[in-house]
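> need coordinates for the below:
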Amino acid sequence: MFLYSENPMFARTELYFGSLKPDQSVVTQAEFDLFLDEVMTPRFPEGLTLLTGLGQFRNARGETIQETSRVVIVLYPVNERQNKSKHIETIRTRYKERFQQESVLRVDRCCEHVGF
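Numbers count the residues shown, from 1 in each chain. Sure, this is the predicted structure:
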């Protein structure tokens with residue numbers, strides 16, 4: 001058992017990545033894995049969690065779209081929030097550029113006790 005006072009406070013960010021490109025092709029698992037290796041892992045070498053699921057959203061034209069989506073969850077010490085936020089924004093920008101995406105949803109939470 002751990003005591004909260006002995007563990008640092010962490011921030012949590014979730015990033016939601018769509019897979020459907022404007023030409024109706026999809027971001028393949030191989031393409032996403034390469035993006036993970038080249039862009040995300042260098043910015044979060046301490047670790048991250050990747051989940052895959054089915055996402056649904058309304059695009060800019062008002063159409064409801066269903067697609068494979070990937071969710072990346074990162075936890076990092078609260079005192080690193082400013083630096084990590086810059087890394088997160090780089091990841092979002094590069095994904096949108098590389099895969100012609102309208103957006104990458106970002107959800108931030110602070111602060112959580114964690115135990116290892």
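> make it CA atoms for all contacts and neighbour counts henceforth
OK.
> show me where the chain dips below the pLDDT cut-off.
Applying pLDDT under 70 to the chain flags the ranges 1-7.
> which residues in it form helices?
Counting by DSSP state H, residue ranges of the helices within the chain are 29-35, 81-99.
> now do the end-to-end distance for stretch 35-49.
15 Å (C-alpha to C-alpha, to the nearest Å).
> and it, how far out from the chain middle?
Computed by C-alpha atoms, centre = their mean, to the nearest Å, the separation of stretch 35-49 from the middle of its chain amounts to 10 Å.
> give me the buried positions along it.
Residues of stretch 35-49 classed as buried by neighbour count (16 or more other C-alpha atoms under 10 Å): 35-36, 39-40, 43.
> give me the contacts around the longest strand seen in the chain.
Ranked by residue count, the top strand of the chain under DSSP state E comes out as strand 64-77. With contact meaning C-alpha atoms under 8 Å, 6 or more residues apart in numbering, strand 64-77 is reached by 8-20, 44, 47-59, 84.
> partner strands of it, parallel or antiparallel?
On the basis of DSSP bridges, the sheet neighbours of strand 64-77 come out as strand 9-18 (antiparallel), strand 49-58 (antiparallel).
> may I see those organised as TSV, with distance to Ile88 added?
Below are those laid out as TSV (distance: least, C-alpha to C-alpha, whole Å):
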stretch	distance to Ile88
strand 9-18	9
strand 49-58	14
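> nearest to Ala30, out of those strands?
Of all the strands paired with strand 64-77, strand 49-58 sits nearest to Ala30, with 13.7 Å by C-alpha to C-alpha.
> identify each buried residue in that closest one, please.
For strand 49-58, a neighbour-count test (16+ other C-alpha under 10 Å) marks Gly55 as buried.
> what do you get for stretch 81-101?
Buried residues in stretch 81-101, counted by 16+ other C-alpha under 10 Å: 81, 84, 87-88, 91-92, 95-96, 99, 101.
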